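In: fold the following.
(chains A, B, C, D, E, F, G and H)
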Amino acid sequence: MAAPSDATPTHEVPAIPPLEIAGEALASRLILGTGGFHRLDELAAAIEVSGTAMVTVAMRRVEPSQQGSLIGVLDRAGVRVLPNTAGCFTAREAIRTAELAREALETDWVKLEVIGDDRTLLPDPAELLDAAEQLVARGFQVLPYATDDPVLCRRLEEAGCVAVMPLGSPIGSGRGIANPINIALIAERAQVPVILDAGIGTASEAAQALELGCDAVLLATAVSRASDPIRMAAAMRQAVEAGWLAGGAGRIPVRTWAQASTTPEGMADLG
Amino acid sequence: MAAPSDATPTHEVPAIPPLEIAGEALASRLILGTGGFHRLDELAAAIEVSGTAMVTVAMRRVEPSQQGSLIGVLDRAGVRVLPNTAGCFTAREAIRTAELAREALETDWVKLEVIGDDRTLLPDPAELLDAAEQLVARGFQVLPYATDDPVLCRRLEEAGCVAVMPLGSPIGSGRGIANPINIALIAERAQVPVILDAGIGTASEAAQALELGCDAVLLATAVSRASDPIRMAAAMRQAVEAGWLAGGAGRIPVRTWAQASTTPEGMADLG
Amino acid sequence: MAAPSDATPTHEVPAIPPLEIAGEALASRLILGTGGFHRLDELAAAIEVSGTAMVTVAMRRVEPSQQGSLIGVLDRAGVRVLPNTAGCFTAREAIRTAELAREALETDWVKLEVIGDDRTLLPDPAELLDAAEQLVARGFQVLPYATDDPVLCRRLEEAGCVAVMPLGSPIGSGRGIANPINIALIAERAQVPVILDAGIGTASEAAQALELGCDAVLLATAVSRASDPIRMAAAMRQAVEAGWLAGGAGRIPVRTWAQASTTPEGMADLG
Amino acid sequence: MAAPSDATPTHEVPAIPPLEIAGEALASRLILGTGGFHRLDELAAAIEVSGTAMVTVAMRRVEPSQQGSLIGVLDRAGVRVLPNTAGCFTAREAIRTAELAREALETDWVKLEVIGDDRTLLPDPAELLDAAEQLVARGFQVLPYATDDPVLCRRLEEAGCVAVMPLGSPIGSGRGIANPINIALIAERAQVPVILDAGIGTASEAAQALELGCDAVLLATAVSRASDPIRMAAAMRQAVEAGWLAGGAGRIPVRTWAQASTTPEGMADLG
Amino acid sequence: MSSGITVNGNLRDDLEPGLSIVDLVVRHGLPEEGRGVAVALDGEVVPRAQWSSTLIEAGTAVELVQAIQGG
Amino acid sequence: MSSGITVNGNLRDDLEPGLSIVDLVVRHGLPEEGRGVAVALDGEVVPRAQWSSTLIEAGTAVELVQAIQGG
Amino acid sequence: MSSGITVNGNLRDDLEPGLSIVDLVVRHGLPEEGRGVAVALDGEVVPRAQWSSTLIEAGTAVELVQAIQGG
Amino acid sequence: MSSGITVNGNLRDDLEPGLSIVDLVVRHGLPEEGRGVAVALDGEVVPRAQWSSTLIEAGTAVELVQAIQGG
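Out: Okay, the predicted model is just below:
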């Protein structure tokens, strides 16, 4: 949903409204993936500094080796947990994984991933739409990870998804927003929240997503694999806020020529 | 000067150090031009919200019509005043204007503009370098508005300028940073502060400037001519902080392929 | 299909091989849409100058007003006629239109368009895939107009399409190739010809498509609505050949720094 | 000099006029640097295939080791020889080198290079302008290698240079045209030929230079260091011609939305 | 259902029931051999080979289409 | 079909047929209440409320999963 | 050369020769201390410290400038 | 200053003072007419027309250059 351009100047800065998904209000427009952090205390610190209100997790077989309780850390942080279906290549796998997650985490929210290619991890549009329709029918609140395809995103919304999550560029690629016009098209049309998911590498790209009209950003690698994850988490928090503010401030048009910010009139004549 | 990439993770976010120019410390890395604001109270509010510690002004003939005291507003805001030589097309004009400004504002700091073209308002490199050398000889602290030319910026530094201010794109064009690699080259080499000046249209571009290694951003039109200048001023404040944090956080590399943020191992087998 | 990079230098320029689709050889890698030309003689001249061997047509109700025989012009030009399903929004419409076209033009080749949005004219991925599967089952040789989605393009190939035609940017937008990395991914993977379709505005963009590994380019508006369609047709012919040659010549890598083309050794010392 | 957009459609393709510099007509708009070729026969073949009419050479101390006569090859190819001042960092060095070249090659034409940085090999704008003025005073026909700075290029023209040669990106970087708007500005304003020099990596970029209004392209590394120099030389020849044709054909405007190339009217109703 | 023949959505009193597809095509100034032309009766495409033998009855909805510039 | 219990693809002789899901969970060092954990028997997810009453028979293929870092 | 005083390009009959720069500044409604204001006589900038002691003679070209919004 | 002739920075005992520029050029295996070659004595370029008449004295610094691939 594109942020409305508030044309009447105020003399105060608006408070950033919560992100509303499926009737729930989230206090932050930054959603953090938990993948890639080297230690749970680092994850906990990144969550705190980022100000996020929702984080993603994956479902995997219990390994004896595993120590430390991820869920304990997340519950203590007071964030909402959004399970994903990472690693699923068919609608069937994704639905089964979603059902395990619903039982494990007592939530009917799911980040739906149906991957079509293991090198780019790009979504499979037809399988994704099929899975979304089935999960909605089973009572899930579906947040699909999608390509930056305006038609696919509209179909997902029509299928009853509570948000759409188009990618900026491939997961973990750090290439930012490859096709900004598509993202702007998606945001302009959507009646549900648009969350830019995947591809963000640095803060300016997160800000750009909000400026383009996205309602939120979901990222993991950009923070968890930065040299200093905590510092990057702080950067992302500010970037998302900056982008939301700028997106609604009515930016100046892009011009080919210059426009002077100082009048050429009244120059002194010093001979 | 490129921000050092702090490779050792911390668990706290570093405080943003002041911007040091000619031995003076400025509390903000956002420098605001005063041009384009419709009312002085709007300017005052933008200064406050932006958190800026230095603003630019121009020198023009006294007009009977003028009402309200710009200087009064700026002095009450407690910001440093940086006069510019906007509108000057020769070294001679720029030097005279700088001398008037030094007398009027009791400062030997000057934003040096020597324009070579009235449609693009791009600097004239040879006249600019000549003017800079003469002003340094006369005891000025010179902050030159330059093209994004790494060699010109190094020559200006060698001439004794206390900062260099390469442009992102033409003044007021809102085209952002047209040649990011040049800006990164300039920042990497410079021994004086690098301030991105001109062309910024929205918050993400200001953040990008800091990420590229610039020490600060100077902008006017992006805020003063936005539909909501105060809101954009707030966005720019956060964007500059986000960019500084991200620039030193050691961002992830850009990849062609994806890198999974979730392990493919341990998928459940649900038949 | 990506052009192989011929690493062993030759001293002669290779002849450009024909474009092979479904076992048929086409002498040109430029496919011309017939839409937008103001007069049939202009179309005939553009066909001749462009060197194209295949052009697209649409199927519409007979209008009494229509004069002049499009088919006559195309048959005299000796080009293959490829009917499209432009204007179809569902698989059902597209299949019916394809059957009319097959009967009218005695060809089982069809450019499959299933549009999902009337403002961007972007394809509907799920309907497109469904239509492609049904048309293949009915014995058509299907060339689908698709998004620049590597997974969708692979699915279309798996469905039996004889080529895939990803878009550069929306039809008639002249925005060129919005996401070159996606196009390169598609070309690298495909086992059928990849034809860049839609978005090309000028010659350099057509050349880029071939450099990225596409086997051909399909364009209409860029030529038919140029100020001088015949001149642009000639430009496109050369651009496609230039792009094919360059794509297989093993271009130099992209570097951040300069690499001298002249040795710094042996400078004269003139005191 | 920007190619005029010929708005009146012709039914024939215009012959590409010669490139006129200092009253001399060159039959090709591609100027080839001789640096980087591994063997003289490869250079000879590339010259022939590229169709170039002028090539650059450098001046260096005679080495006993050198075998084969470069000049013999160039004279047999019948191309004009343009000496450069590669490796010079001051106006003084460049002038001395130009005088040696004038004597050695009996030409008063010179490609003026005054480098300001040995890592980027970018020009030094002030030294370049100084050198140009002195060389013009000494009767040279000066073709300066410049930054993509519209003001510098105008100053060089005002100093009497017979052409201006702005860079696309650093020599040998293969990054193409980093700032197309600057190049278009330079071409639009110039009254002398504009030759894009340096940075070209592949054919589409050479075509783009002509589309932007440049009169010619100078490149060396893109051809000499390609895996197949001869094939790339052929690509460049066609690319330059394609770009010249397209630049004057009045390309379609860039649109945000699509523009259908097929009428939506008259769809058949098949129930 | 109309008792007349409908062509491309227009009721055509000028067309008498029972005329052949070939007649229809020729009446519309199209080449008899019908290159570039296709006909559907009540939604079913009729192969060209059957044009001369296929008569159009009253109440039939005819779609008469041809190739135009596009794509 | 094996006569033992298979957990996450491994035949587990150490697990005696007839143990409850709660037993299974606890034996794997997971919290009894099973926050973040899910269990499927022969491909069917078992609601947590039925963990104590559901006994795992010989030959059952058990999937025992939990939330991990990801996404 | 005019026998009057010129200020910012305008001949000013209302200004009597011999007035001080301070007088000039105040007459233009500017603060006496002249914060943000500068004055040049015949192209030479006059330091503020000399404003009260510097008299403007007939025929002088005065530039009276101040800081405005810009940059 | 050396009493010998220096060519391109190398003292050349093999070159006897008083040889002409043409001799020098030929001794370096370059064409007598010197296409592509230039010579400077003590920093001054010598026009080709004067090569045969110009003798190189002891202590002269000679620069002998030619066109090579570049640019």
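In: could you use CA atoms for every contact and neighbour count after this?
Out: Noted.
In: in chain A, which residue sits closest to chain E?
Out: A:V151 (20.3 Å; C-alpha to the nearest C-alpha).
In: what's the neighbour count on that residue?
Out: Look at A:V151: counted by other C-alpha atoms under 10 Å in any protein chain shown, it has 23 neighbours.
In: which strand or helix spans the residue nearest to A:R231 when sequence neighbours are not counted?
Out: Nearest residue to A:R231, sequence neighbours excluded (C-alpha to C-alpha, 6 or more residues apart in numbering or on different chains): B:V13, at 5.3 Å. B:V13 is part of no helix or strand when elements are defined by DSSP states H and E.
In: then E:E63?
Out: strand E:61-69.
In: helices or strands up against that strand?
Out: strand C:54-61, helix C:70-77, helix C:91-105, strand E:5-7, strand E:37-41 (3 or more C-alpha pairs under 8 Å, 6 or more residues apart in numbering or on different chains; DSSP states H and E).
In: what's next to it, contact-wise?
Out: C:33-36, C:56-62, C:70-71, C:83, C:100-101, C:104, D:262, D:268-270, E:5-9, E:36-43 (C-alpha atoms under 8 Å, 6 or more residues apart in numbering or on different chains).
In: can you list the strands that the host helix or strand of A:Y145 pairs with?
Out: Per DSSP H and E, A:Y145 falls inside strand A:141-146. Its sheet considered, strand A:141-146 pairs with strand A:109-112 (parallel), strand A:165-166 (parallel) by DSSP bridges.
In: among those strands, which is nearest B:L122?
Out: strand A:165-166 (39.0 Å; C-alpha to C-alpha).
In: contacts only, for the closest residue to chain F within the stretch 151-271 of chain A.
Out: Across the stretch 151-271 of chain A, the shortest distance to chain F (C-alpha to the nearest C-alpha) belongs to A:A220, at 6.7 Å. For A:A220, the contact set (C-alpha under 8 Å, 6+ apart) comprises A:L32, A:G33, A:T34, A:G35, A:G36, B:S261, F:G71.
In: check whether the third one really touches A:V57, as I assumed.
Out: Yes: contact criterion C-alpha atoms under 8 Å: A:T34 and A:V57 qualify, at 6.2 Å.
In: how many residues are close by the residue of chain E found nearest chain A?
Out: When distances are taken as C-alpha to the nearest C-alpha, chain E reaches nearest to chain A at E:G71, 20.3 Å away. Counted with other C-alpha under 10 Å, the neighbours of E:G71 add up to 31.
In: rewinding a little: so is the helix or strand that contains the residue of chain A closest to chain E next to chain C?
Out: In the assignment (DSSP H and E), A:V151 maps to helix A:150-158. Yes: judged by C-alpha under 8 Å from any C-alpha of the partner chain, helix A:150-158 and chain C are in contact via A:P150, A:V151, A:L152.
In: returning to that earlier point: adjacent strands (with direction) for the strand holding E:E63?
Out: Strand E:61-69 has these strand partners (DSSP bridges): strand C:54-61 (antiparallel), strand E:5-7 (parallel), strand E:37-41 (antiparallel).
In: which residue packs closest to A:W244, ignoring adjacent ones?
Out: A:L210 (5.2 Å).
In: relative to helix B:203-211, how tilted is the strand or helix carrying that neighbour?
Out: In the assignment (DSSP H and E), A:L210 maps to helix A:203-211. Using axes from the mean of the first three to the mean of the last three C-alpha atoms, to 10 degrees, one finds that helix A:203-211 and helix B:203-211 are set 180 degrees apart in direction.
In: what is helix A:203-211 packed up against?
Out: So helix A:203-211, by 3+ C-alpha pairs under 8 Å, 6+ apart, packs with strand A:216-219, helix A:229-247, helix B:203-211, helix B:229-247.
In: so where's the stretch 1-150 of chain A shaky on pLDDT?
Out: Where the stretch 1-150 of chain A drops to pLDDT under 70, the residues are A:1-11, A:65-68.
In: mind listing what the closest residue to chain B within chain E touches?
Out: For chain E and chain B, the shortest gap (C-alpha to the nearest C-alpha) falls at E:G71, measuring 33.1 Å. Contacts for E:G71 (C-alpha under 8 Å, 6+ apart) come out as C:G33, C:T34, C:G35, C:T56, C:V57, C:A58, C:N84, C:A86, C:A220, D:S261, D:T262.
In: gap between it and chain F?
Out: According to C-alpha to the nearest C-alpha, to the nearest Å, E:G71 stands 41 Å off from chain F.
In: quick check: which element contains that residue?
Out: Counting by DSSP H and E, E:G71 is part of no helix or strand.
In: contact partners for the residue nearest to it when sequence neighbours are not counted?
Out: Nearest-residue entry for E:G71: C:G33, 4.9 Å, with adjacent residues in sequence omitted and distances by C-alpha to C-alpha, 6+ apart. C:G33 is in contact with C:V55, C:T56, C:V57, C:L218, C:L219, C:A220, C:T221, D:S261, E:Q69, E:G70, E:G71, counting by C-alpha under 8 Å, 6+ apart.
In: ok, of those, which one's closest to B:L196?
Out: Closest to B:L196, out of all of the contacts of C:G33 and judged by C-alpha to C-alpha, is C:T221, at 40.3 Å.
In: which ones are touching the closest residue to that closest one other than its chain neighbours?
Out: Leaving aside its sequence neighbours, C:T221 sits nearest to C:G172 (C-alpha to C-alpha, 6+ apart; 5.7 Å). Each residue near C:G172 by C-alpha under 8 Å, 6+ apart is listed here: C:A198, C:G199, C:I200, C:G201, C:T221, C:A222, D:R255, D:A258, D:Q259, D:A260, D:S261.
In: just to be sure, C:G172 is in a strand?
Out: No: C:G172: not assigned to a strand; according to DSSP: H, G, I helix; E, B strand; the rest coil it is coil.
In: how far away is it from H:A61?
Out: Relative to H:A61, C:G172 is positioned 68 Å away (C-alpha to C-alpha, to the nearest Å).
In: swap in A:S227?
Out: 57 Å.
In: the more surrounded of the two?
Out: H:A61 (26 against 21).
In: state the distance from the more buried one to chain F.
Out: Counting by C-alpha to the nearest C-alpha - H:A61 and chain F are separated by 72 Å.
In: specify the beta-bridge partners of that residue.
Out: H:T6.
In: same deal with A:R61?
Out: F:V65.
In: what's around it, how many residues?
Out: So A:R61, with other C-alpha under 10 Å, has 22 neighbours.
In: that one and chain H, how far apart?
Out: 62 Å.
In: for stretch A:114-130, which outside residues touch it?
Out: For stretch A:114-130, with C-alpha under 8 Å, 6+ apart as the criterion, the contacting residues are A:85-91, A:94, A:112-113, A:131, A:144-147, A:152, A:155-156, A:159, A:170-171, B:257-258, B:260, C:125-126, C:129, C:150-152.
In: repeat that for stretch E:36-49.
Out: So stretch E:36-49 is in contact with C:71, C:99-101, C:103-105, D:269-271, E:21, E:34, E:56, E:60-67, going by C-alpha under 8 Å, 6+ apart.
In: let's see that with 7 Å instead.
Out: C:71, C:100, C:103-105, D:270-271, E:60-67 (C-alpha atoms under 7 Å, 6 or more residues apart in numbering or on different chains).
In: most surrounded residue in those residues?
Out: C:L100 (31 neighbours).
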